[in-house]
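Chemist: the following comprises the amino acid sequence and a computationally predicted model.
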Amino acid sequence: MVEIIPARSIWARRAFFALPKRLYQDNSYYLAPATWDGRAVLSTKSNPLLRTPHAFLLARTSKKIVARILTGVRANGEGYFSLFDAENFEAAQAVLDAAVAFQRAHGSKQIIGPIPPSILDYGRGILCEGFDLRPSALNVYNPSWYAQALEDCGFERCTTLLSYSVLLSTPKAVRYRAVGQWAADRFDLRVEADLRDPREICRVLRETGADDELICPESPGEYAKGWTLLQRGCPDVRLIAAYAGERPVGYLIVLPDGEERARLATIYVAPDFHNRGATVALLGSLVVALERDGVKALDLSLIDAENADSRRLAERAGGVVTHQYREYRREIEP
C-alpha cells in the first residue's frame, strides 16, 4: 500500500531531494541536481512559488520512499506541479492523485506541469524523446514510462518543447561568425560578448524590457535580485548584449554544461529591433566566444514546437533536435 506523507521534517526534506539520485544512479544520462536545487526551492526568499499555498509530498511503501512531487498554486491562481519522480506506476499515480487532491482543496480549476521548481532551474516538461543522449544542463532526465503514467492519470498533452544541439564545427555554425559581424556592421550594432558589471547587466535587462522567467519569473523588474541569485547558483553564467549606440537592444544568456558544451538558455531582442540584425549579431558573437573557450557544442533549448521563428533560427544555425519534452494539463473536477 502506498502512503502519502508531507515532507515537512528535515529528514523528509532530505529524502525528497535525494530520491532522484537513488532512482537514476545507474543511468549514465542522469545529471545530479545542481547544488542550488534544494536550497533555492526551499527558500521563500528566492522562490516565488513558495509564497503561495504549496506542498512537498512523498509516497512511501514499507518505510521506503518511492515517489515525490511539489504542487502548489501560483499567484495568478493557476495550479502546478514540479519535481515529479517515481519508482513505478503505482507510486506515480499516488503522488499525482495527491497533487490533484491538493489543487481541488484549494479551488484550482486545472493543474499544469511539470514546471521549473525555481528561477535557478530552467528545465521543465517530461522527457519523451531522446533517451539515448544526455540531456543538456538543467534539463530533466526521466524514464520513458513517465509520459504514459501522466496520461493514465488523466493528464493531457498541452505543450511540446524541443532541445536542439549545434556542433560549432559545422559549416552553418561557422558561417555565423561572418554573418554575425556583417549584421553588426550593416545595422551599426555593437556587441559586448562577456558583460561582468552587474549594474550594466541590470541596465541591459531593464532597458530592453526583458520579462524572462530565468531572471524575474514572478516579480517583473527585480533584475538585480534575479541576476544575483542566478550568478550565485551558476557562477559561470554569461550574458552577451547588443547595443545600438548606447541603447541596449538585445541580449542572450548562456549556461555552462561541462567543459565542451554550453546551453543557450534565453535570447531576447527589443520589439523595435526585430529583423534589424540584433539576433544574428548576438549569435555570431556567441559562436566566436564559445570557440575561444574550447566549447564544441551549443544546446538551444527549450523551444516551443509551435514557435516557427525560433525553430527556424535554430535550424539555420545547424541545430538538430536531440530531445523532446512535454508539458501536461489536467482539469480539476469540483
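Modeler: Good, I have the coordinates. If you're wondering where the values come from, they're calculated on a predicted model, not measured in any experiment.
Chemist: shaky segments in this protein?
Modeler: Residue ranges of the chain with pLDDT under 70: 31-43, 45-46, 119-123, 137-138, 210-221, 233.
Chemist: show me where the stretch 101-250 of the chain has its strands.
Modeler: Secondary structure of the stretch 101-250 of the chain (DSSP state E, counting those that start in this stretch): strands at 110-113, 126-129, 156-167, 190-192, 238-244, 247-257.
Chemist: just the helices in the stretch 151-300 of the chain please.
Modeler: 171-186, 198-208, 223-233, 278-292 (DSSP state H, counting those that start in this stretch).
Chemist: from the chain's centroid, how far away is the last one?
Modeler: Centroid separation for helix 278-292 versus its chain: 21 Å, with C-alpha atoms, centre = their mean, to the nearest Å.
Chemist: ok, back up a step: out of the strands of the stretch 101-250 of the chain, which gets nearest to Y29?
Modeler: strand 126-129 (9.5 Å; C-beta to C-beta). (Each C-beta comes from the backbone N, C-alpha and C, glycine too.)
Chemist: measure stretch 251-268 end to end?
Modeler: Distance between the two ends of stretch 251-268: 6 Å, counting by C-alpha to C-alpha, to the nearest Å.
Chemist: which residues sit against it?
Modeler: Residues outside stretch 251-268 that contact it (C-beta atoms under 8 Å, 6 or more residues apart in numbering): 122, 136-138, 204-205, 208, 210, 212, 214, 234, 236-242, 250, 279, 282-283, 286, 290, 294-301.
Chemist: flag every buried residue along it.
Modeler: Across stretch 251-268, burial judged by 16 or more other C-beta atoms under 10 Å covers 251-257, 261-268.
Chemist: of these, just say which sits nearest to R22.
Modeler: So of the buried residues of stretch 251-268, ranked by how close each gets to R22 (C-beta to C-beta), first place is D257, at 23.8 Å.
Chemist: break this structure down into its domains, please.
Modeler: Structurally, the chain divides into domains by automatic domain parsing as follows: 3-162+326-331, 169-295.
Chemist: for D309, find the nearest of these.
Modeler: Per C-beta to C-beta, nearest to D309 of the domains of the chain: domain 169-295, 9.2 Å.
Chemist: run the chain-centre distance for the closest one.
Modeler: 17 Å.
Chemist: gap between the two ends of it?
Modeler: 10 Å.
Chemist: can you map out the helices along the stretch 1-150 of the chain?
Modeler: Under DSSP H, counting those that start in this stretch, the stretch 1-150 of the chain gives helices at 10-24, 36-42, 89-105, 146-152.
Chemist: could I get those as TSV with distance to T159?
Modeler: Shown next, in TSV, are these (distance: least, C-beta to C-beta, whole Å):
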stretch	distance to T159
helix 10-24	23
helix 36-42	22
helix 89-105	18
helix 146-152	13
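Chemist: quick one: the ones you listed as a markdown table, columns for mean neighbour count and distance to P116 too.
Modeler: Output for these, formatted as a markdown table (neighbours: other C-beta atoms under 10 Å; distance: least, C-beta to C-beta, whole Å):
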| stretch | mean neighbour count | distance to P116 |
| --- | --- | --- |
| helix 10-24 | 16 | 15 |
| helix 36-42 | 19 | 10 |
| helix 89-105 | 20 | 16 |
| helix 146-152 | 18 | 17 |
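Chemist: for D185, which of these is the nearest?
Modeler: helix 36-42 (39.9 Å).
Chemist: what's in contact with stretch 64-73?
Modeler: 2, 7, 15-16, 19, 41, 49-50, 52-60, 79-88, 91-92, 94-96, 98-99, 102-103, 106, 108, 111, 117.
Chemist: try stretch 166-180
Modeler: By C-beta under 8 Å, 6+ apart, stretch 166-180 touches 191, 280-285, 287-288, 290-291, 295-300, 314, 316-320.
Chemist: in PyMOL, select just the buried ones from these.
Modeler: To isolate the buried members of the contacts of stretch 166-180 in PyMOL, using 16+ other C-beta under 10 Å:
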select buried, resi 191+280+281+282+283+284+285+287+288+290+295+297+298+299+300+314+317+318+319
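Chemist: count of neighbours near T160?
Modeler: 17 (other C-beta atoms under 10 Å).
Chemist: my guess is it contacts R326, does it?
Modeler: Yes - contact criterion C-beta atoms under 8 Å: T160 and R326 qualify, at 5.5 Å.
Chemist: I'd say S165 and K296 touch.
Modeler: No - look at S165 against K296 with C-beta under 8 Å: they stay out of range, at 10.5 Å.
Chemist: picking up where we left off before, among the strands of the stretch 101-250 of the chain, which is nearest A308?
Modeler: With C-beta to C-beta as the yardstick, what comes closest out of those is strand 156-167 (11.9 Å).
Chemist: could you pull up phi and psi at P117?
Modeler: The phi/psi pair for P117 (degrees, to the nearest 10) reads phi -80, psi -10.
Chemist: begin at 288 from now on, thanks
Modeler: Fine by me, first position is 288 from now on; the one you just mentioned is P404.
Chemist: gap between it and R613?
Modeler: Using C-beta to C-beta, to the nearest Å, P404 is found at 17 Å from R613.
Chemist: list the contacts of E416.
Modeler: H610, Q611.
Chemist: what about it, distance to V453?
Modeler: Taken as C-beta to C-beta, the span from E416 to V453 is 18 Å.
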